[in-house]
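Colleague: Model the following, please.
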Amino acid sequence: MKITDVKTQLVFAGWRNWLFVQVYTDAGLVGLGEATMRARELAIATAIQEMGRFLGGRDPRRIEAIYQLLYEDFHWRGGPVLTSALSGLEIALWDILGQSLGVPIHQLLGGPCHDRLRCYANGWFVDARTSDEFARRATEAVARGFTALKWNPFHGVHGWISSGQLRAVVEEVRAVREAVGDGVDLLIECHGLLDPRSAVLVARELEPYRLFWLEEPVAPENVKAMADVRQRSPIPIATGERLFTKFGFVELLEQQAADVIQPDVTHAGGILETRKIAAMAEAHFVSVAPHNSNSPVATAATLHLDACLGNFLIQELPTDEVPWRDEILLEPVEVVGDGALPLPMRPGLGVRLNGKVAAEHPYQPADVPPVVTPEMERRVSKGKEA
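Modeller: Model prediction:
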């Protein structure tokens, strides 16, 4: 079997464009992958086409060899654009291998450790502005079956948090906790917005609300700062969505800077590279909760990996992004109850792109407001804030 072509497709999804990768073979098999990154999609699509020139005539089943070829050959390697491009291609190669053997990808990774994968909702807070609105939206998400919710309560905060901003954060978290009760886990996203002093102050003020974690409390560039926050925080620290390949996680793990790491399969290097990162974390007694803010294609790819990780903790699941989100696949990935996702059981990635729906939402520059309803405009606005 040989690779004959590599194509990309951009699909506008409200506040960014999903970037899909398809690898074609002379056996008629087509592998599907994803490399979505907001505001970088055109650069990544170009990088995929550049890498694709190296793949013609190669056996797509030699995944590690192709990964090493592309990683080593691009001398200026690493970073979000090149690593995301490589990730999307790598996922598509796994899809081809699984299809060719008639088994799901997780079977090729040693078989599943888990039959159901707990997930947390992100995006459930669409249109919420006040603490009461966040509480109401949280209650609605729990009614849909979710047992864990993540959001960012740091509206307008950047670096130093003022006393007024801190009160607003605490009030919003308190309102959501009281609305959903103690049986629902709350995960707080910080997006690296805080300085170390503010991060520790926030953690101490939010301790009474029994949070699952604080995510990326400080920017990821300074691992020592993250480690300092982790040592002083009464709440577990999660981070890693903006780190790439196993090399990006070495210092984080050695410095014991996180309780949970969050590599993203579509950015960190693909399925096998993320598994290597998870193995490094396991040796440091650190759990893995893969980041996943992209389309259902990325969700499917991540679930195959989750299933095979002994140190898997919980999986992110975007919700309420665009009304047709689940329609982008011919076989949607759905929450099955108790806040869990089932294992994909079809060969390969186990999902197929719905070409008709994808064609109905062609690329649009994310910084140019599309012609949409007021409801969608609110969703776009909230997505950018989140």
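Colleague: what's stretch 3-10 in contact with?
Modeller: 17-26, 41-42, 45, 48-49, 51-52, 55-60, 89, 353, 358, 362-363 (Cβ atoms under 8 Å, 6 or more residues apart in numbering). (Glycine included, C-beta is placed from N, CA and C.)
Colleague: Any idea how far the lengthiest helix in the chain is from the middle of the chain?
Modeller: Using DSSP state H to define each element, the chain has its longest helix at helix 79-101. Chain-centre distance of helix 79-101: 15 Å, with Cα atoms, centre = their mean, to the nearest Å.
Colleague: Over to stretch 317-334?
Modeller: For stretch 317-334, the distance to the chain centre is 14 Å (Cα atoms, centre = their mean).
Colleague: okay, how far is it across it, tip to tip?
Modeller: 10 Å (Cα to Cα, to the nearest Å).
Colleague: so what's the residue positioned nearest the centre of the chain closest to, chain neighbours aside?
Modeller: Geometric centre of the chain, nearest residue: residue 292, 1.5 Å, by Cα atoms, centre = their mean. Counting by Cβ to Cβ, 6 or more residues apart in numbering, residue 316 is the residue found nearest to residue 292 once chain neighbours are left out, at 4.4 Å.
Colleague: Tell me where the model's unsure across this protein.
Modeller: 74-75, 367-386 (pLDDT under 70).
Colleague: what's next to stretch 270-278, contact-wise?
Modeller: Counting by Cβ under 8 Å, 6+ apart, residues outside stretch 270-278 touching it are 63-64, 67, 86-91, 94, 105, 109, 245-246, 249, 261, 263-265, 268-269, 288, 290, 301, 304-305, 308-309, 311-312.
Colleague: Now do the buried residues in it.
Modeller: Applying a neighbour-count criterion of 16 or more other Cβ atoms under 10 Å, one finds 270-275, 277-278 buried in stretch 270-278.
Colleague: Also stretch 133-143?
Modeller: Result for stretch 133-143 [16+ other Cβ under 10 Å]: buried residues 134-138, 141-142.
Colleague: Which one of these is nearest to residue 186?
Modeller: Nearest to residue 186 among the buried residues of stretch 133-143: residue 138, at 8.5 Å, using Cβ to Cβ.
Colleague: Spit out the contact partners of that closest one.
Modeller: 124-125, 149, 176, 179-180, 184.
Colleague: what does residue 170 give?
Modeller: 205-206.
Colleague: which SS state does it fall under?
Modeller: helix (DSSP: H, G, I helix; E, B strand; the rest coil).
Colleague: one step back: the contacts of stretch 3-10, buried ones only, as a PyMOL selection?
Modeller: The PyMOL selection below is limited to those of these classed as buried (16+ other Cβ under 10 Å):
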select buried, resi 17+18+19+20+21+22+23+24+25+41+45+48+51+52+55+60+89+353+358
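Colleague: Mind checking which of the contacts of stretch 3-10 land in strands?
Modeller: If you go by DSSP state E, these have 17-25 in strands.
Colleague: Format those residues as JSON lines; extra columns: distance to residue 10.
Modeller: Formatted as JSON lines, the ones in strands among the contacts of stretch 3-10 follow (distance: Cβ to Cβ, whole Å):
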{"residue": "17", "distance to residue 10": "5"}
{"residue": "18", "distance to residue 10": "7"}
{"residue": "19", "distance to residue 10": "6"}
{"residue": "20", "distance to residue 10": "8"}
{"residue": "21", "distance to residue 10": "11"}
{"residue": "22", "distance to residue 10": "12"}
{"residue": "23", "distance to residue 10": "17"}
{"residue": "24", "distance to residue 10": "18"}
{"residue": "25", "distance to residue 10": "23"}
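Colleague: Would you map the helices across the chain?
Modeller: 41-52, 63-73, 79-101, 105-108, 131-143, 163-180, 196-206, 223-232, 250-254, 271-283, 296-306, 355-359, 374-385.
Colleague: Of all those, which one is nearest residue 322?
Modeller: Per Cβ to Cβ, nearest to residue 322 of the helices of the chain: helix 374-385, 7.4 Å.
Colleague: Now do the contacts for residue 122.
Modeller: 149-151, 189, 293, 316-319, 386.
Colleague: how far away is it from residue 297?
Modeller: 17 Å (Cβ to Cβ, to the nearest Å).
Colleague: Please apply the same query to residue 69.
Modeller: Applying Cβ to Cβ to residue 69 and residue 297 gives a distance of 24 Å.
Colleague: number of nearby residues for the nearest residue to residue 354 once chain neighbours are set aside?
Modeller: Closest residue in space to residue 354, ignoring its immediate chain neighbours: residue 330 at 5.2 Å, by Cβ to Cβ, 6+ apart. Other residues near residue 330 number 12, with proximity taken as other Cβ atoms under 10 Å.
Colleague: cool, residue 167 as well?
Modeller: 11.
Colleague: ok, now residue 244?
Modeller: 24.
Colleague: Kindly confirm whether my reading is correct that it touches residue 79.
Modeller: Yes - using Cβ atoms under 8 Å, residue 244 is in contact with residue 79, at 6.6 Å.
Colleague: ok so, going back, now for the residue nearest to the centre of the chain: which residues touch it?
Modeller: Counted by Cβ under 8 Å, 6+ apart, residue 292 has contacts 264-265, 298-299, 302, 315-318.
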